[in-house]
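no FASTA, just this:
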């Protein structure tokens, strides 16, 4: 997967780069990038990725050097039936999403769960990063 750095100095360069990729990719190939939601609570970050029609074995979640990487492959299953496809709009193939994590995440306690086409990665915060309140005693001076 090529990393592309976008510059805001020339707004037309982004359009040109997009059009170049569009015309240089093989016909019928659409890159697949699953939609992701990230929510933060007091104690954790929760990442949810939509990856329907995938087998558990085809999903890879890795945490390394402060980055979370989601990889997988949704395979196109050709069924041996009479007739043909009228329309194929869903994207298939491999994907990779990489997220830089804040230093507040506890990498030893990260968990992932895959259910009903949604991958949920729970990233607990380190105890030191959790907000806490301390009651300050006030002394009275005369």
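Arrived safely, thanks for sending. Please read these numbers as outputs of a predicted model, since none were measured by experiment.

what stretches of this structure score poorly on pLDDT?
1-14, 17-30, 78-83, 129-131 (pLDDT under 70).

all strands for it, in order.
Along the chain, counting by DSSP state E, strands occupy 36-40, 44-50, 59-64, 67-74, 93-100, 111-115, 118-124.

Mean neighbour count and distance to residue 141 added to those strands, as JSON lines?
For every residue, glycine as well, the C-beta is placed using N, CA and C. Listed next are those as JSON lines, based on neighbours: other CB atoms under 10 Å; distance: least, CB to CB, whole Å:
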{"stretch": "strand 36-40", "mean neighbour count": "12", "distance to residue 141": "42"}
{"stretch": "strand 44-50", "mean neighbour count": "18", "distance to residue 141": "43"}
{"stretch": "strand 59-64", "mean neighbour count": "13", "distance to residue 141": "52"}
{"stretch": "strand 67-74", "mean neighbour count": "18", "distance to residue 141": "52"}
{"stretch": "strand 93-100", "mean neighbour count": "14", "distance to residue 141": "49"}
{"stretch": "strand 111-115", "mean neighbour count": "12", "distance to residue 141": "51"}
{"stretch": "strand 118-124", "mean neighbour count": "18", "distance to residue 141": "43"}
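
Which residue, other than its chain neighbours, is closest to residue 94?
residue 73 (4.6 Å; CB to CB, 6 or more residues apart in numbering).

How about residue 75?
residue 92 (6.6 Å).

if I pick the one you found, what's in contact with it?
Applying CB atoms under 8 Å, 6 or more residues apart in numbering to residue 92 gives the contacts 32, 74-76.
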